[in-house]
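Visitor: One predicted model, sequence on top.
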Amino acid sequence: MYMKNQFLKSIVSGAFLMSVGMLQAQNPIVQTLYTTDPAPMVHDGTLYVYTGHDEDKADFFWMQEWRIYSTRDMVNWTDHGSPLALESFAWADDRAWAAQCIERNGKFYWYICAHSKLTNAMAIGVAVGDSPTGPFKDAIGKPLADGDWANIDPTVFIDDDGRAYLYWGNPEIFYAELNDDMVSLKGEVRKVEQTVESFGAPNPKLRQKGVKYKDTYTEGPWLSKRGNKYYLLYAAGGIPEHIAYSMSDKPLGPWKYMGEIMPLQDTGSFTNHCGVIDYKGNSYFFYHTGKLPGGGGFGRSVAVEQFKYNADGTFPIINATREGVKPVGTLNPYQRVEAETIAFSEGIKSEPNAKTGIYISNTHNGDYIKVREVDFGTKSPSKFTATLASALRGGTFEVRTDSIDGTVIAQIVVPHTGGWECWKSFEADIKNPVTGVHDIYFVFKGRKGCELFNFDWWQFYK
């Protein structure tokens, strides 16, 4: 009995420590599903990140869709669902791998790669939309580049002179200039000459067996510019991958290998894929890990770190953290906030519906959603409203401040509403006044083992 009690204590202790660690975490930035290959873009004061999606329990990169998340404060991320999938491209049938979106003249061009029915190889395609979140459609009805297994991981960049460039490839690096229409290539596709000086090693066919090179380009290029310098970041080193980069004075090279940015470390994933961007005066480095529960090399999750360039414009070493980045804004609780706007969560999923949009599902006893930097102002709200639905037994919806065990400021007893998408708005009085800036926890309680209710949106009232 003593041994059994000690064993149970160790389990409880370990679970407690893990729970504390999760509550303090900000990375990965999405916890409702697995996300990959982040591509950040800033538009009209909002930072968007375009991602891939690893399926649950995958044993390979069997990926079906691309997704979008956005933030205005770098800590709360809104799920915009999947406005683009393999079904969007009549020529594609598998492997919705890395992609990037860019804006030009009010249109949004999303460059993707997927397996082509036409050639039974990988191909680069492009979709177009009128807003950062779509809807998107195949811009040309065929691939931009097709017929090569190296046609993966496109990155797109528009220079100050208006010329646009596309890079992609594994293990070779290909590039082409885009026409002003952004959906056709200007000239032919070319291959970058890899050398020890430019990427740490020569082109794959020229690498000598047994020779230890400085580095080796693998995949996932990201093209960017700062000042008069051009940067090509990429996954390097083979498997497992780290992130390295090269620099140039011109968008098409010649390139000079500069070293590692994110060295090998315990990310929980044998691949990595990065994107960098400036937002609200800060520089951010996006990448992916395997750190969500059940995650790994085929269950990856997007994370982000803040960094500062060195004085000479080079990158510092950036390490993966669970803490992530600091907030750069606050959230207004007196306007409708979608339930899928989340800083961190545990146990839940997001689901799409053509009428409702994205909502939160799979809530069980003890699951929660954390929303950060909620600014109540100098006067406490008097009411709280949430829109919820339950096909079965319902449960209790608690609103707490600053921790999962914090002060309860509102509580809703959720009954059976007629179905998982039979929505009903519930109003609750504020039990304990709250002012100033707080983190808010929505904590779900009910019978253990069963699904409780779905959650669409919330709002406080003065």
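Guide: Noted; the coordinates are in hand.
Visitor: Okay, buried residues for stretch 306-318 please.
Guide: Within stretch 306-318, the residues that count as buried by 16 or more other C-beta atoms under 10 Å are Gln306, Phe307, Tyr309, Phe315, Ile318. Using the backbone N, CA and C atoms, a C-beta is placed for each residue, glycine as well.
Visitor: Also stretch 283-292?
Guide: Buried residues in stretch 283-292 (16+ other C-beta under 10 Å): Ser283, Tyr284, Phe285, Phe286, Tyr287, His288, Thr289, Gly290, Lys291, Leu292.
Visitor: quick revisit: please identify which two of the buried residues of stretch 306-318 are farthest apart in space.
Guide: Gln306 and Phe315 (13.0 Å; C-beta to C-beta).
Visitor: Domain boundaries for the protein, per the record?
Guide: 17-307, 337-461 (automatic domain parsing).
Visitor: will you turn those domains into a markdown table that also has distance to Arg322 and mean pLDDT?
Guide: Formatted as a markdown table, these follow (distance: least, C-beta to C-beta, whole Å; pLDDT from 0 to 100):
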| stretch | distance to Arg322 | mean pLDDT |
| --- | --- | --- |
| domain 17-307 | 4 | 96 |
| domain 337-461 | 10 | 97 |
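Visitor: ok, now which ones touch Ala391?
Guide: His416, Thr417, Gly418, Gly419, Trp420, Cys422 (C-beta atoms under 8 Å, 6 or more residues apart in numbering).
Visitor: In strands, which of the buried residues of stretch 306-318 appear?
Guide: Gln306, Phe307 (DSSP state E).
Visitor: Can you tell me which of the buried residues of stretch 306-318 lies closest to Ile243?
Guide: Ile318 (7.9 Å).
Visitor: just to revisit the earlier point, now, among the buried residues of stretch 283-292, which is nearest to Val128?
Guide: For those, the nearest to Val128 is Phe286 (23.3 Å; C-beta to C-beta).
Visitor: Now that closest one: closest residue in space, sequence neighbours ignored.
Guide: The shortest distance from Phe286 to any non-neighbouring residue, by C-beta to C-beta, 6 or more residues apart in numbering, is to Pro38 (3.8 Å).
Visitor: Quick check: that neighbour touching Tyr50?
Guide: Yes: using C-beta atoms under 8 Å, Pro38 makes contact with Tyr50 at a distance of 7.4 Å.
Visitor: Mutual contacts of these two, please.
Guide: By C-beta under 8 Å, 6+ apart, no residue touches both Pro38 and Tyr50.
Visitor: re earlier: list buried members of the contacts of Ala391 by neighbour count.
Guide: Buried among the contacts of Ala391 (16+ other C-beta under 10 Å): Thr417, Trp420.
Visitor: For the residue lying closest to Met262 once chain neighbours are set aside, give the beta-bridge partners.
Guide: The shortest distance from Met262 to any non-neighbouring residue, by C-beta to C-beta, 6+ apart, is to Ile243 (4.0 Å). Beta-bridge partners for Ile243, by DSSP bridges, are Ala235, Met262.
Visitor: Quick check: Ile243 vs Ala92, distance?
Guide: To Ala92, Ile243 is 28 Å away according to C-beta to C-beta, to the nearest Å.
Visitor: Going by neighbour count, which residues of stretch 259-266 are buried?
Guide: Quick answer for stretch 259-266 (16+ other C-beta under 10 Å): Glu260, Ile261, Met262.
Visitor: Make TSV out of those and add distance to Val196.
Guide: Listed next are the buried residues of stretch 259-266 as TSV, based on distance: C-beta to C-beta, whole Å:
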residue	distance to Val196
Glu260	16
Ile261	19
Met262	21
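Visitor: of those residues, closest to Val408?
Guide: Met262 (41.0 Å).
Visitor: For that closest one, give me its contacts.
Guide: His242, Ile243, Asn272, Cys274, Phe285, Tyr287, Ile317, Ile318, Asn319, Ala320 are the contacts of Met262 under C-beta under 8 Å, 6+ apart.
Visitor: Just flag the most distant two among the residues you listed.
Guide: Maximum distance among the contacts of Met262 (C-beta to C-beta): 14.2 Å, for Asn272 and Ile317.
Visitor: hey, where'd the strands end up in the stretch 301-450 of the chain?
Guide: 301-307, 337-338, 341-342, 344-346, 349-353, 357-361, 368-375, 383-389, 395-401, 408-414, 424-429, 437-445 (DSSP state E, counting those that start in this stretch).
Visitor: Provide the strand pairings for the second one, with the direction of each partner.
Guide: To tie it back to what came earlier, the one meant is strand 337-338. Applying DSSP bridges, one finds strand 337-338 paired with strand 454-461 (antiparallel).
Visitor: Off-centre distance for the partner strand?
Guide: Mean-position distance between strand 454-461 and its chain equals 24 Å (C-alpha atoms, centre = their mean, to the nearest Å).
Visitor: Give me the buried stretch members for that strand, please.
Guide: For strand 454-461, by 16+ other C-beta under 10 Å, it's Asn454, Phe455, Asp456, Trp457, Trp458, Gln459, Phe460.
Visitor: Find the nearest non-adjacent residue to the fifth one, please.
Guide: Pointing back at Trp458 there. That would be Ala386: by C-beta to C-beta, 6+ apart, it lies 4.4 Å from Trp458.
Visitor: Make a markdown table out of the buried residues of stretch 283-292 and add secondary structure.
Guide: Converted to a markdown table, the buried residues of stretch 283-292 look like this (DSSP: H, G, I helix; E, B strand; the rest coil):
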| residue | secondary structure |
| --- | --- |
| Ser283 | strand |
| Tyr284 | strand |
| Phe285 | strand |
| Phe286 | strand |
| Tyr287 | strand |
| His288 | strand |
| Thr289 | strand |
| Gly290 | coil |
| Lys291 | coil |
| Leu292 | coil |
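Visitor: Dump these to JSON lines, plus distance to Glu346.
Guide: Listed next are these as JSON lines, based on distance: C-beta to C-beta, whole Å:
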{"residue": "Ser283", "distance to Glu346": "30"}
{"residue": "Tyr284", "distance to Glu346": "24"}
{"residue": "Phe285", "distance to Glu346": "25"}
{"residue": "Phe286", "distance to Glu346": "22"}
{"residue": "Tyr287", "distance to Glu346": "22"}
{"residue": "His288", "distance to Glu346": "19"}
{"residue": "Thr289", "distance to Glu346": "17"}
{"residue": "Gly290", "distance to Glu346": "17"}
{"residue": "Lys291", "distance to Glu346": "13"}
{"residue": "Leu292", "distance to Glu346": "10"}
